[in-house]
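*Asks:* Got a predicted structure here, sequence first:
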Amino acid sequence: MSLLDRLKFAFQDRRRGPGATPVHVDDPQFDPWEVVRDFGDVRTARAWHQALEEAGIEAVLTADWPVDRFGRGEIALRVRGEDWSEAELLLSNLD
C-alpha cells in the first residue's frame with residue numbers, strides 16, 4: 001500500500017452522507033416494505049430518510065422510474081412492515 005493510498009484510507013469518511021443515499025429504481029426486493037411518505041424530489045426524500053436512519057430505523061428510497069436530471073420524480077420512503085408505526089410516529093412529530 002503506497003503512502004497516497006494510506007492517506008486516502010485514513011481521511012475517507014466511513015459513513016455515507018445523505019447525499020449518497022441511493023434511490024432504488026424498480027427494485028422488487030423492496031415491494032413488501034411499507035411506504036411511510038412520498039416525495040417529489042430526491043433532496044427532500046434524502047433528508048427524511050436521514051431522520052429515520054439517525055433514529056435507528058432502517059429505511060430505503062424507491063421509485064418506479066428514474067428521477068429526472070433535476071432530481072424530481074415520484075420517490076417513496078419505505079421501511080420494513082414491523083417498523084412502520086414507529087417511523088410514522090417519528091415523522092409525524094417532525095412535520
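*Replies:* Cool, the structure landed. Numbers count the residues shown, from 1 in each chain.

*Asks:* When you work out contacts or count neighbours from here on, use the C-alpha atoms and nothing else.
*Replies:* Noted.

*Asks:* and the nearest residue to V42 once chain neighbours are set aside, how many neighbours?
*Replies:* Leaving out its chain neighbours, the residue that sits closest to V42 by CA to CA, 6 or more residues apart in numbering is G71, at 5.3 Å. Per other CA atoms under 10 Å, the neighbour tally for G71 reads 14.

*Asks:* again, but for V35
*Replies:* Residues near V35, counting by other CA under 10 Å: 21.

*Asks:* Tell me who's in contact with it.
*Replies:* Shown in contact with V35 (CA atoms under 8 Å, 6 or more residues apart in numbering): A76, L77, R78, V79.

*Asks:* so what strands line up beside whatever helix or strand it lives in?
*Replies:* Secondary structure assignment for V35, by DSSP states H and E: strand 34-41. Applying DSSP bridges, strand 34-41 is found paired with strand 72-79 (antiparallel).

*Asks:* For the partner strand, C-alpha coordinates in PDB please.
*Replies:* The C-alpha trace of strand 72-79 is given here as PDB (Å, rounded to 0.1, in the frame of the first residue of the first chain):
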ATOM      1  CA  ARG A  72     -37.500  15.200  -9.400                       C
ATOM      2  CA  GLY A  73     -39.800  12.200  -9.600                       C
ATOM      3  CA  GLU A  74     -42.100  10.000  -7.500                       C
ATOM      4  CA  ILE A  75     -39.900   8.800  -4.700                       C
ATOM      5  CA  ALA A  76     -41.200   6.600  -1.800                       C
ATOM      6  CA  LEU A  77     -39.600   6.400   1.600                       C
ATOM      7  CA  ARG A  78     -40.100   2.800   2.800                       C
ATOM      8  CA  VAL A  79     -39.500   0.900   6.000                       C
END
